[in-house]
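*Asks:* mind folding the following:
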Amino acid sequence: SPSNYLYMTYGGSFSDLLPDDNKVFSAVVLGGGSYRIGTSVEFDWCAVSCSRKLQDSGWRSIIVNCNPETVSTDYNSSDRLYFEELSVERILDITDVERPVGIICSMGGQLPNRLAKPLSEAGLKLLGHRADSIDTAEDRARFSALLDKLEIGQPRWVGATHPDEIQRFIKDVGFPVLIRPSYVLSGAAMSVAYDDESLQYCLTQASDISPDHPVVISEFIVGAREIELDGVAKNGEILTAIVSEHIENAGVHSGDATLVVPAQRLYVETVRRVKRAGRAIAQGLNLNGPFNMQFLAKGNEIKVIECNARAARSFPFVSKAVGLNLADVATDVMIGVKPKLSRFNEDELPYVGVKAAMFSFKRLGGADPILGVEMASTGEVGCIGENVDQALLLAMEASGVFAPKKGVLVSSGSEKEKLRFLPAARTLVALNIPLFGTPGTAQYLRDHGIPVTSLAWPEEDKFDVIKAVKEGLVDFVINIPKDTQRKE
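*Replies:* Alright, predicted model coming up:
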């Protein structure tokens with residue numbers, strides 16, 4: 001075959017001859033494996049960018065991946081492609097044939113990142129982060145100990161191996177708490193418990209609580225903002241890092257959240273503290289490649305959620321928004337080349353970028369459209385505008401959320417949220433868009449001189465809010481629950 005699609009076999013007695021490209025150095029880049037929620041095209045972009053940067057630097061690029069839907073498995077994305085599973089055994093077989101300088105595990109997402117330690121123990125050289133750095137970032141106890149040593153705040157947590165430990169922890173910190181089973185990808189089976197009833201349901205989903213499979217219970221900080229720091233470090237020193245913020249409060253998975261670059265609503269002191277903590281963590285882990293750190297902020301107090309010693313799904317959007325390819329910079333670092341970097345401040349960009357998630361709820365019968373700590377999105381779009389409002393509206397429209405025409409149904413929750421909604425309600429009335437509200441919201445709007453039609457709660461009248469939606473009376477719903485009851 002003239003293509004470079006390669007595969008390993010147990011049954012062969014000899015290998016096919018490979019053309020000699022006269023390249024001295026080679027590196028194996030691990031892709032993201034099969035597409036699923038949490039591992040998709042964002043990580044493929046990172047792997048392909050890394051491969052092409054290797055080729056531009058005169059290295060032979062060897063990609064290992066097993067998904068025909070990806071760009072990384074196109075014949076022109078690498079010098080050699082092994083269409084194989086991402087397992088320790090198969091990768092060792094490939095490196096026996098190719099004899100690369102090293103292997104890159106930090107560009108394909110969580111799956112290759114998990115393979116870094118066993119591959120290192122098998123004798124392969126890792127290009128980029130050391131196996132111990134990756135393990136410290138991934139191991140909750142080791143990373144927590146590092147944060148304590150660095151005197152950096154973190155939400156309180158416990159690795160529970162028995163239900164009694166969970167009860168003692170909740171007695172100390174109270175509800176709500178975040179439930180995180182062991183060894184999960186993209187928040188799988190993670191959930192937030194607001195009371196004893198929801199706690200029992202969450203633990204049932206986690207299924208196995210034992211010394212071998214501890215469940216991590218973390219303090220959940222209500223009303224906190226979530227901030228991300230994407231960048232590249234070399235020998236523990238950050239070369240470049242970009243701060244972005246989530247529009248949604250903490251509690252929505254970072255893959256589902258609406259991301260803004262540069263950050264628009266953060267205090268200068270908050271950004272300063274995030275960058276200072278990032279520098280300390282990078283030095284503490286001795287990072288040598290791409291990284292993503294996630295923080296909580298409430299007021300000016302920050303707490304660290306986690307550090308990923310790898311490229312993150314936010315890398316493509318952030319790179320394009322600021323005009324700096326983070327994957328290229330990381331590849332230079334990993335192969336020992338000095339990256340070409342000019343000092344810049346993302347706050348000086350003449351535009352704002354917004355990344356919005358796309359969902360497939362309409363295609364999945366019985367799917368719960370409420371976002372939470374478990375990732376649910378199946379795609380994303382990125383838009384830029386002169387300001388955050390323009391960029392956000394463009395991103396919403398690009399992701400399939402269109403301006404209402406028939407009517408808007410509002411259930412605005414607490415008194416505070418009702419008050420915040422008043423300016424928007426007056427704007428909708430000025431645009432001649434009919435307003436509908438649940439009884440409490442409708443009464444509040446009437447009291448403030450805003451015309452609105454009241455609709456009953458579900459099953460409380462023949463024509464309730466559910467029927468109004470089903471019959472097309474409204475085409476936009478704003479629902480802000482005032483508590484965690486299923487009815488809300």
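*Asks:* poorly predicted segments of the stretch 351-488 of the chain, please.
*Replies:* Low-confidence segments of the stretch 351-488 of the chain, defined by pLDDT under 70: 482-488.
*Asks:* relative to the one helix or strand Ile63 maps to, what are the paired strands and their orientations?
*Replies:* Using DSSP states H and E, Ile63 sits within strand 60-65. According to DSSP bridges, strand 60-65 forms sheet pairs with strand 26-30 (parallel), strand 80-83 (parallel).
*Asks:* lowest average pLDDT across those?
*Replies:* In terms of mean pLDDT, the lowest-scoring of those is strand 80-83 (a mean of 91).
*Asks:* pull out the buried residues from whichever helix or strand comes after that one.
*Replies:* Next along the chain after strand 80-83, taking DSSP H and E as the criterion, comes helix 88-98. By neighbour count with 16 or more other CB atoms under 10 Å, helix 88-98 contains the buried residues Arg90, Ile91, Asp93, Ile94, Thr95, Glu98. Where C-beta positions appear, they are placed from N, C-alpha and C, glycine not excepted.
*Asks:* how about the last one, what does it touch?
*Replies:* Meaning Glu98. Ser26, Val28, Ile62, Arg80 (CB atoms under 8 Å, 6 or more residues apart in numbering).
*Asks:* what's the most distant pair in the residues you listed?
*Replies:* Distance extremes for those: the farthest pair is Val28 and Arg80 at 9.2 Å, using CB to CB.
*Asks:* one step back: CSV for the contacts of Glu98, including distance to His246?
*Replies:* Compiled in CSV, those are given as follows (distance: CB to CB, whole Å):
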residue, distance to His246
Ser26, 39
Val28, 34
Ile62, 36
Arg80, 39
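*Asks:* closest to Tyr7 out of these?
*Replies:* Arg80 (11.4 Å).
*Asks:* and the closest one, how many neighbours?
*Replies:* By other CB atoms under 10 Å, 20 other residues sit near Arg80.
*Asks:* for Asp328, same thing?
*Replies:* 19.
*Asks:* in which helix or strand does Arg142 reside?
*Replies:* With DSSP H and E as the test, Arg142 turns up in helix 140-150.
*Asks:* elements contacting that helix?
*Replies:* For helix 140-150, the elements it packs on are helix 131-138, strand 157-160, helix 268-285, strand 301-308, judged by 3 or more CB pairs under 8 Å, 6 or more residues apart in numbering; DSSP states H and E.
*Asks:* mean pLDDT for the ones you listed - can I get that in JSON lines?
*Replies:* Output for those, formatted as JSON lines (pLDDT from 0 to 100):
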{"stretch": "helix 131-138", "mean pLDDT": "94"}
{"stretch": "strand 157-160", "mean pLDDT": "86"}
{"stretch": "helix 268-285", "mean pLDDT": "96"}
{"stretch": "strand 301-308", "mean pLDDT": "94"}
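*Asks:* mind checking which of the ones you listed is nearest Val222?
*Replies:* Closest among the helices and strands packed on helix 140-150, using CB to CB: strand 301-308, at 13.2 Å.
*Asks:* winner for burial among the strands paired with strand 60-65?
*Replies:* Here the criterion is mean neighbour count by mean count of other CB atoms under 10 Å, and of the strands paired with strand 60-65 the winner is strand 26-30, at a mean of 25.
*Asks:* would you mind writing the CA trace of it as CSV?
*Replies:* Written as CSV, here are the backbone C-alpha positions of strand 26-30 (Å, rounded to 0.1, in the frame of the first residue of the first chain):
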residue,chain,number,x,y,z
SER,A,26,11.6,10.1,16.0
ALA,A,27,8.8,10.4,18.6
VAL,A,28,5.6,8.4,19.2
VAL,A,29,2.5,10.6,19.8
LEU,A,30,-0.4,8.8,21.6
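*Asks:* what angle sits between that strand and helix 88-98?
*Replies:* 160 degrees (axes from the mean of the first three to the mean of the last three CA atoms, to 10 degrees).
*Asks:* what is the subsequent helix or strand relative to strand 26-30?
*Replies:* Scanning onward from strand 26-30 (DSSP H and E), the first element met is helix 41-56.
*Asks:* thinking again about what came up before, now the helix holding Arg142 against helix 131-138, angle please.
*Replies:* Going by the same axes, to 10 degrees, helix 140-150 makes 90 degrees with helix 131-138.
*Asks:* which residues does Gly437 contact?
*Replies:* Listed by CB under 8 Å, 6+ apart, the contact set of Gly437 reads Leu409, Val410, Ser411, Ser412, Leu445, Val452, Thr453, Ser454, Leu455.
*Asks:* next, the nearest residue to Arg279 once chain neighbours are set aside: phi, psi?
*Replies:* Leaving aside its sequence neighbours, Arg279 sits nearest to Ile238 (CB to CB, 6 or more residues apart in numbering; 5.6 Å). Ile238 has phi and psi values of phi -70, psi 120 when expressed as degrees, to the nearest 10.
*Asks:* for Ile238, which residues make a bridge with it?
*Replies:* Bridge pairing for Ile238 - DSSP bridges - gives Ala233.
*Asks:* contacting residues for it?
*Replies:* Going by CB under 8 Å, 6+ apart, Ile238 touches Gly231, Val232, Gly278, Arg279, Ala282, Leu287.
*Asks:* and for Glu397?
*Replies:* Ala403.
*Asks:* ok, it to Ser120 distance?
*Replies:* Taking CB to CB, to the nearest Å as the measure, Glu397 falls 46 Å from Ser120.
*Asks:* and if you look at Asp96?
*Replies:* Distance from Asp96 to Ser120, by CB to CB: 16 Å.
*Asks:* now swap in Val215 and tell me
*Replies:* The gap separating Val215 from Ser120 is 28 Å, by CB to CB.
*Asks:* the more surrounded of these two?
*Replies:* Neighbours were counted for Val215 and for Ser120 using other CB under 10 Å; Val215 has more, 24 against 18.
*Asks:* how about the more buried one, phi and psi?
*Replies:* Note on Val215: its backbone torsions stand at phi -100, psi 130 [degrees, to the nearest 10].
*Asks:* please, where are all the strands along the stretch 301-450 of the chain?
*Replies:* In the stretch 301-450 of the chain, the strands defined using DSSP state E, counting those that start in this stretch lie at 301-308, 352-358, 379-385, 408-411, 435-437.
*Asks:* so what does the longest one touch, helix or strand wise?
*Replies:* Taking 3+ CB pairs under 8 Å, 6+ apart as the contact definition, the neighbouring helices and strands of strand 301-308 are helix 131-138, helix 140-150, helix 268-285, strand 289-298.
*Asks:* before we move on, back to that, which of the contacts of Ile238 sit farthest apart?
*Replies:* Pairwise distances across the contacts of Ile238 peak at 12.9 Å for Val232 and Arg279 (criterion: CB to CB).
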